[in-house]
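**Student:** pasting the structure only:
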């Protein structure tokens with residue numbers, strides 16, 4: 001197990017606070033991962049509060065196993081109110097890679113949330129988790145996410161053509177990466 005993930009670290013920026021998920025967050029996670037606007041370009045959704053427990057258990061499991069870490073995104077003035085989530089999963093220690101993911105409730109879109117939170121999380125990945133490569137997989141139609149990734153120094157490596165199925169149709173995905181050596 002990776003010791004750096006055994007001891008959870010909160011991250012603080014000038015406007016946003018990344019903290020550990022807790023049991024009370026299930027309501028906000030359900031609100032996000034059942035919202036048609038959020039899940040339009042997100043690979044996971046839940047139809048009930050009870051079903052959302054799977055996601056909450058996953059957050060705890062990947063941290064415990066050392067394969068990832070996810071934070072609740074909050075306003076520092078209201079740390080109990082979750083605005084969204086961001087984090088890493090799929091850590092490969094041999095190749096020093098990890099995958100990044102994030103989502104926000106629509107009322108927090110276009111407020112610079114991910115522009116502040118993603119760099120904090122990346123710094124944690126490169127320094128505390130000692131990864132060399134952070135990968136992101138994005139639906140081409142998710143223009144806002146592409147903008148955030150590119151503004152944060154990610155580079156598009158290409159497209160995985162029709163590699164998934166969504167709503168009965170093949171879906172292609174853009175592959176982005178950011179290396180620890182990227183400036």
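**Tutor:** Sure thing, it's come through. Note that the coordinates shown come from a computational prediction; the quantities given were computed from them, not determined experimentally.

**Student:** Please make it C-alpha for all contacts and neighbour counts, starting now.
**Tutor:** Noted.

**Student:** Average pLDDT for the biggest strand by length in the chain, rounded please.
**Tutor:** For the chain, the strand reaching the highest residue count under DSSP state E is reported as strand 78-92. Average pLDDT, strand 78-92: 94.

**Student:** Just checking: what are the partner strands of it?
**Tutor:** Strand 78-92 has its sheet partners listed here by DSSP bridges as strand 69-75 (antiparallel), strand 97-104 (antiparallel).

**Student:** can you give me the helices for the protein?
**Tutor:** Here the chain has its helices, by DSSP state H, at 3-6, 26-33, 36-39, 49-65, 113-127, 143-151.

**Student:** so what's residue 1 scoring on pLDDT?
**Tutor:** Per-residue pLDDT puts residue 1 at 42.

**Student:** nope, residue 43 is what I meant
**Tutor:** Per-residue confidence (pLDDT) for residue 43: 84.

**Student:** Please determine how far it is located from residue 166.
**Tutor:** 9 Å (Cα to Cα, to the nearest Å).

**Student:** low pLDDT regions in the chain?
**Tutor:** Residues of the chain that meet the criterion pLDDT under 70 lie in 1-7.

**Student:** measure the closest residue to residue 16 other than its chain neighbours to residue 139 for me?
**Tutor:** Counting by Cα to Cα, 6 or more residues apart in numbering, residue 16 lies nearest to residue 75, which is 4.9 Å off, once chain neighbours are set aside. Shown here: residue 75 relative to residue 139, a distance of 28 Å by Cα to Cα.

**Student:** cool, and residue 58?
**Tutor:** Look at residue 58 and residue 139: by Cα to Cα, they are 23 Å apart.

**Student:** In contact with the nearest residue to residue 179 once chain neighbours are set aside: list those residues for me.
**Tutor:** On the basis of Cα to Cα, 6+ apart, the spatially nearest residue to residue 179 that is not a chain neighbour turns out to be residue 133, at 4.5 Å. When contacts are counted by Cα atoms under 8 Å, 6 or more residues apart in numbering, residue 133 touches 96-98, 177-180.

**Student:** Could you identify the buried members of these?
**Tutor:** Applying 16 or more other Cα atoms under 10 Å to the contacts of residue 133, the neighbour count classes 97-98, 177-179 as buried.

**Student:** And those residues, which is closest to residue 34?
**Tutor:** The closest of these to residue 34 turns out to be residue 98 (Cα to Cα; 25.7 Å).
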